[in-house]
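[1] Output the structure for:
(chains A, B and C)
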Amino acid sequence: MPFVRIDLVEGRTLEQIHTIADAVQECMEEVFAAPPRDRYQVVTEHKPGRIILEDTGLGLERTDGVVVISVLQQGRSAEQKQALYAALAERLELKAGVRPEDLMVNVSENTRADWSFGMGRAQFLTGEL
Amino acid sequence: MPFVRIDLVEGRTLEQIHTIADAVQECMEEVFAAPPRDRYQVVTEHKPGRIILEDTGLGLERTDGVVVISVLQQGRSAEQKQALYAALAERLELKAGVRPEDLMVNVSENTRADWSFGMGRAQFLTGEL
Amino acid sequence: MPFVRIDLVEGRTLEQIHTIADAVQECMEEVFAAPPRDRYQVVTEHKPGRIILEDTGLGLERTDGVVVISVLQQGRSAEQKQALYAALAERLELKAGVRPEDLMVNVSENTRADWSFGMGRAQFLTGEL
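    The predicted structure follows:
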């Protein structure tokens, strides 16, 4: 059920984009306990200069390799979120060459009634999920 | 007040996009009781391969006709949300040929203080709405 | 920490886009008390006809100069939000020529655990921020 938006700067091939998206999904399954095939991702490529990330004084140097991940989900703990951030940084660097300095993640929460995965049904309420 | 993002794969004409957006708005008015002209939509077209939807094992077959609808709103009940999903699936198939298998909807909630529809004012707090 | 999405119609130069983004950031710092370099913005340009804003009967005339600002943040009061809307309208008109009628703002809230600004760490939980 996490719904994930991935925003990045254009210039990567579709294969490179899918490597990133795959790595993100691996983290959702391993750290957020998303079940198999629980994958809902939208990737948006932006021209240079449209993703503007500074660092709140943390000393992070950003490049055009920035990746912004916005996760909408329900029910994960603060511990799971912390583990997710660490896993994303490690996995994205290892698999896709994303610098940890270039990764920003934000999470939002909704409820079980707030999802329809298809067919016009709220599968968390119908008992299908 | 619902603010609605509609993400889909490029290839539709603007007229087809508007047919989809119109159908979504009809559902907002009829099921979410949005008042007339309470329409706030952003449609983003993506190149193929950027919207990655699986099915959490629900047996849904996705195509490049996928439509992802992200609704930000305040105050609707779980019953209204369920009715919205059903209405969207029915209406989008009927009017725009969107397969119900290709429709994913997510909803998020904020509060009445979280909206400014124009002029720099929070119309739900000023009494204008 | 506000994460800000700015959606607008294509046609502006990158310099004009940055003028808008800079004005938005000034409001975040001045009204939302964002610390220096606490800037996280994604601007998406859309072809005409993809941002559909009506006015809920408020009598606002929209143009292709519309700017939709979606703010994800934590902890601001209703008073701060109202001040933000006013500041955005004033600042964007003054600096970037955005008509107040063309400005729509929505705000969503998450928690301190919901942010990683880089390095795979939740800086609000680690004490770094």
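
[2] Going by C-alpha atoms from here, please, whenever you check contacts or count neighbours.
    Will do.

[3] Up against chain B, what does chain A have?
    A:1, A:14, A:35-44, A:109-110, A:113-122, A:128 (CA under 8 Å from any CA of the partner chain).

[4] Give me the residue at the spatial middle of chain A.
    Most central in chain A under CA atoms, centre = their mean is A:I69, positioned 4.1 Å from the mean C-alpha point.

[5] Now that one: which helix or strand?
    Following DSSP states H and E, one finds A:I69 within strand A:67-73.

[6] Kindly report the same for A:T19.
    Using DSSP H and E, A:T19 falls in helix A:14-31.

[7] ok, then the element right after that helix?
    Trace forward from helix A:14-31 with DSSP H and E and the next one is strand A:40-46.

[8] tell me which strands and helices that next one is in contact with?
    strand A:3-9, strand B:51-53 (3 or more CA pairs under 8 Å, 6 or more residues apart in numbering or on different chains; DSSP states H and E).

[9] just checking, what packs against the shortest one?
    Contact here means 3+ CA pairs under 8 Å, 6+ apart; on that basis strand B:51-53 packs against strand A:40-46.

[10] List of residues touching the strand it packs on?
    Strand A:40-46 is contacted by residues A:1-10, A:21, B:7, B:46, B:50-54, C:44 when judged by CA atoms under 8 Å, 6 or more residues apart in numbering or on different chains.

[11] can we see that at 6 Å?
    Contact with strand A:40-46 is made by A:3-10, B:50-53, as judged by CA atoms under 6 Å, 6 or more residues apart in numbering or on different chains.

[12] Okay, buried residues for stretch A:97-113 please.
    A:98-110, A:112-113 (16 or more other CA atoms under 10 Å in any protein chain shown).

[13] Could you work out the most separated pair of the residues you listed?
    Using CA to CA, those reach their maximum pairwise distance at A:R99 and A:A113, which is 36.3 Å.

[14] Now do the same for the spatially closest residue to A:W115 that is not a sequence neighbour: helix, strand or coil?
    Once flanking residues are discounted, A:W115 sits nearest to B:N106: 4.8 Å by CA to CA, 6 or more residues apart in numbering or on different chains. Three-state assignment for B:N106 (DSSP: H, G, I helix; E, B strand; the rest coil): strand.

[15] Now do the contacts for B:N106.
    Under the criterion of CA under 6 Å, 6+ apart, the contact list for B:N106 reads A:114-115, B:70.

[16] Which residues of chain A lie near chain C?
    Selection of chain A residues close to chain C by CA under 6 Å from any CA of the partner chain yields A:50-56, A:78, A:82, A:85-86, A:89, A:100-101, A:103-108.

[17] Narrow the residues of chain A next to chain B to those that are buried.
    Neighbour counting by 16+ other CA under 10 Å classes A:1, A:38-44, A:109-110, A:113-122 among those as buried.

[18] Check which residues of the helix holding A:T19 are buried.
    Within helix A:14-31, the residues that count as buried by 16+ other CA under 10 Å are A:17-29, A:31.

[19] Just want the angle from it to strand A:67-73.
    With axes from the mean of the first three to the mean of the last three CA atoms, to 10 degrees applied, the angle from helix A:14-31 to strand A:67-73 works out at 40 degrees.

[20] Pull helix A:14-31 out as PDB, backbone CA atoms only.
    The C-alpha trace of helix A:14-31 is given here as PDB (Å, rounded to 0.1, in the frame of the first residue of the first chain):
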ATOM      1  CA  LEU A  14      14.400   4.200 -18.500                       C
ATOM      2  CA  GLU A  15      16.500   1.300 -17.300                       C
ATOM      3  CA  GLN A  16      18.300   3.500 -14.800                       C
ATOM      4  CA  ILE A  17      14.900   4.900 -13.600                       C
ATOM      5  CA  HIS A  18      13.600   1.300 -13.200                       C
ATOM      6  CA  THR A  19      16.700   0.400 -11.200                       C
ATOM      7  CA  ILE A  20      15.900   3.200  -8.800                       C
ATOM      8  CA  ALA A  21      12.200   2.300  -8.600                       C
ATOM      9  CA  ASP A  22      13.100  -1.400  -8.100                       C
ATOM     10  CA  ALA A  23      15.400  -0.500  -5.200                       C
ATOM     11  CA  VAL A  24      12.800   1.700  -3.600                       C
ATOM     12  CA  GLN A  25      10.300  -1.200  -3.900                       C
ATOM     13  CA  GLU A  26      12.700  -3.600  -2.300                       C
ATOM     14  CA  CYS A  27      12.900  -1.300   0.700                       C
ATOM     15  CA  MET A  28       9.100  -1.100   0.900                       C
ATOM     16  CA  GLU A  29       8.900  -4.900   1.000                       C
ATOM     17  CA  GLU A  30      11.800  -5.500   3.400                       C
ATOM     18  CA  VAL A  31      11.400  -2.600   5.800                       C
END
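
[21] Since that was my last question, I'll sign off now.
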